[in-house]
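> Show me the folded form of this:
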Amino acid sequence: MPVRPPLRLAAFVMDTVSHIQHGLWRHPEARQHEFDDVRMWIDLAKTLERGRFDTLFFADVVGLYGPADGDYTVNAREGLQVPNADPSILAAALATHTEHLGLAFTSSVLQAHPFEFARRVSTLDHLSRGRIGWNIVTSALDGAARNFGHDRLEEHDERYAWAQEYVDVVAKLWEGSWDDDAFRADKAAGVVSDASGIHRIDHVGQRYRVAGPHLSKPSPQRTPVLFQAGSSPAGRAFAARNAEAQFILTSTREKTAELIASTRADVAAAGRLPEDLLFFLGLTFVIGSTEEEARRRSAEIDELLSPDGFLLHSNLGYDPETGAALDPDTPLSQVKTQLGQSHLQWLREASPDREPTIRDLAGLSAKLRARVVGTPEQIADELEQWQDIGVDGINVMNWWLPGSYEEFVDHVVPTLQDRGLVQREYAEGTLRRKLFGHDQLPDRHPARRWRGAFS
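Residues are numbered from 1 along each chain as shown. Just a heads-up that it's a prediction; the model follows:
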């Protein structure tokens, strides 16, 4: 049989109580209500490294779900991504307790000026010896926009134009501001850095004016590994140009295969190689020593799920203009939103037999967190099928922390390793080297055009 490449594994988490499996924080073994205790995260990171996970990936939001002026009783009661904490600070702590695990975090173009963000990422990449990834998002919450001085979110496609300028600014700082040999630390000559190798970028664009130079010397990766999640037409175009890894959800294997194939074609059209973009599929797992046990445990999970939490998290059950709740029988095809276009499309694809309505949102959202139920061997069979249609990695979503990952590492990973589906040992070097075989962006990536551009 042909040798399979290893599936990449990412652990999808958030520094909050209820991330995406709403209601499960009440499980007796769940500790995510201890999200502000760094010791839990350190234990989790060590477990993931033991299981040879490639990346611990942090989601994040900077606003509340629901209407910007709406009541947030449900948010507070369910702990629906509030309270939360800054994942980049947590990544700094975890970098000192791990050796190989990648540490990726979400940061919106809305929330940090690109000059400050570039310095923060370079600092993290130095501290971790090159293990940082950045999930580029444009924010999908009107409340988040208001928290940063805007009346509301901009139009969906315009937010991606904003993101492109943002990426261009940070890439100029990371890739073009310092030459490789500018930092010398030459004690005999009394020279820390050679000024001729340090360059201002003098960026002037629609949104930003940044003079530079970058205040950090080049980190091991220079640019962090670039993640992205949007699969709308604008999101796919942005990913094809910029992203190295894309997180996707699924409705069917056929739709997922079509999405991957078409996006890889877009990557090639952007002048890159199709394999320059890895696809991580979001899945949840319910594991049992027998299929019967796994199905029993799955039913127990269903008893804890919160319909209110899932409905609110969909962010689609209200009129974006007035904030009023929509008629529960409104078809999703009639829902107008500037929020997650790909999320709305996935919801519709998850109900292929009929047009779903607002009333269906909670159940569809739960269904979209694709659940694999079975023994380790059955789970391995399922993952082989996903790999066969083009999936490069699995974004493992949890039911509760840290137990979901402990079970996966202890019971599923050995079976995957026996089949050659998961690496037994880490490659040396940076996160990008582990994933792609090189430390820094290849010359064909658009951000590399800034290398030497300011000399």
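> Can you pull up the most central residue in the protein?
Note on the chain: the residue nearest the mean C-alpha position is residue 135, at 5.0 Å, using Cα atoms, centre = their mean.
> Tell me if I am right that it is in a helix.
No - applying DSSP: H, G, I helix; E, B strand; the rest coil, one finds residue 135 to be strand, outside a helix.
> what about the stretch 351-455 of the chain, any weak spots by pLDDT?
351-354, 358-369 (pLDDT under 70).
> Contacts only, for the residue nearest to the centre of the chain.
Counting by Cβ atoms under 8 Å, 6 or more residues apart in numbering, residue 135 touches 57, 59, 104, 105, 106, 107, 227, 228, 229, 247. C-beta: built from backbone N, CA, C; applies to glycine.
> Same check on residue 222?
Residue 222 is in contact with 174, 175, 440, 441, counting by Cβ under 8 Å, 6+ apart.
> Show me which of the contacts of residue 135 is closest to residue 236.
residue 228 (9.4 Å; Cβ to Cβ).
> Test my guess that the closest one contacts residue 136.
Yes - using Cβ atoms under 8 Å, residue 228 is in contact with residue 136, at 5.2 Å.
> Quick check: neighbours shared by these two?
238, 242, 243.
> Most neighbours among these, which one?
residue 243 (26 neighbours; other Cβ atoms under 10 Å).
> Just confirm it contacts residue 223, I think it does.
No - in this structure, residue 243 is not within contact of residue 223 by Cβ under 8 Å, at 11.9 Å.
> Enumerate the beta-bridge partners assigned to residue 246.
Beta-bridge pairing for residue 246 (DSSP bridges): residue 228, residue 279.
> quick one: residue 198 and residue 215 touch, right?
No - contact criterion Cβ under 8 Å: residue 198 and residue 215 do not qualify, at 9.8 Å.
> Between the two, point out the one with more neighbours.
residue 198 (18 against 15).
> does residue 209 really touch residue 203, like I thought?
Yes - contact criterion Cβ under 8 Å: residue 209 and residue 203 qualify, at 6.8 Å.
> which of these two has more neighbours?
residue 203 (17 against 9).
> pLDDT score assigned to the more buried one?
pLDDT, residue 203: 98.
> excluding its backbone neighbours, what's nearest it?
Nearest residue to residue 203, sequence neighbours excluded (Cβ to Cβ, 6 or more residues apart in numbering): residue 210, at 4.5 Å.
> Quick one: neighbours of the one you found, just the number.
Neighbour tally, residue 210, other Cβ under 10 Å: 19.
> so what's it up against?
114, 115, 169, 172, 173, 201, 202, 203.
> Residue 295 too?
With the criterion set at Cβ under 8 Å, 6+ apart, residue 295 makes contact with 286, 288, 373.
> ok, so of these, who is nearest residue 21?
Among those, and counting by Cβ to Cβ, the member closest to residue 21 is residue 286, at 11.4 Å.
> I figured the closest one hits residue 297, correct?
Yes - using Cβ under 8 Å, residue 286 is in contact with residue 297, at 5.3 Å.
> out of those two, which sits in the busier spot?
residue 286 (21 against 15).
> With residue 300 as the reference, measure out to the more buried one.
9 Å (Cβ to Cβ, to the nearest Å).
> Need the overlap of contacts for those two.
With Cβ under 8 Å, 6+ apart, residue 286 and residue 300 have no common neighbours.
> Am I right that residue 12 is in a strand?
Yes - under three-state DSSP, residue 12 falls within a strand.
> Now do the same contact list for it.
19, 20, 57, 59, 247, 282, 395, 396, 397, 398 are the contacts of residue 12 under Cβ under 8 Å, 6+ apart.
> Turn the residues you listed into CSV, including distance to residue 162.
Shown next, in CSV, are the contacts of residue 12 (distance: Cβ to Cβ, whole Å):
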residue, distance to residue 162
19, 26
20, 26
57, 23
59, 20
247, 20
282, 25
395, 25
396, 31
397, 28
398, 32
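> For the residues you listed, work out which two are farthest apart.
Using Cβ to Cβ, the two most remote members of the contacts of residue 12 are 247 and 398, lying 14.8 Å apart.
> any low-confidence regions in this protein?
Using pLDDT under 70, the flagged stretches of the chain are 1-2, 318-323, 326, 328, 335-354, 358-369.
> What ranges does it have for its strands?
For the chain, applying DSSP state E gives strands covering 8-14, 55-59, 102-108, 132-137, 183-186, 191-193, 203-204, 209-210, 225-228, 245-248, 278-287, 371-374, 393-397.
> If we go by neighbour counts, what in stretch 228-242 is buried?
Judged by neighbour count (16 or more other Cβ atoms under 10 Å), stretch 228-242 contains these buried residues: 228-232, 234-242.
> can these go into a markdown table with extra columns for distance to residue 426?
Formatted as a markdown table, the buried residues of stretch 228-242 follow (distance: Cβ to Cβ, whole Å):
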| residue | distance to residue 426 |
| --- | --- |
| 228 | 24 |
| 229 | 25 |
| 230 | 30 |
| 231 | 30 |
| 232 | 34 |
| 234 | 36 |
| 235 | 31 |
| 236 | 31 |
| 237 | 33 |
| 238 | 30 |
| 239 | 26 |
| 240 | 29 |
| 241 | 30 |
| 242 | 26 |
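> Out of these, flag the one nearest to residue 85.
residue 229 (20.6 Å).
> Contact partners for that closest one?
Going by Cβ under 8 Å, 6+ apart, residue 229 touches 135, 137, 235, 246, 247, 248, 342.
> buried stuff in stretch 196-205?
Buried-residue list, stretch 196-205, by 16+ other Cβ under 10 Å: 197, 198, 199, 201, 203.
> Quick check: the gap between residue 218 and residue 235.
Distance from residue 218 to residue 235, by Cβ to Cβ: 29 Å.
> Could you do residue 435 as well?
21 Å.
> With residue 74 instead?
28 Å.
> I'd assumed residue 91 was in contact with residue 38.
No - taking contacts as Cβ under 8 Å, residue 38 lies outside contact range of residue 91: 11.3 Å.
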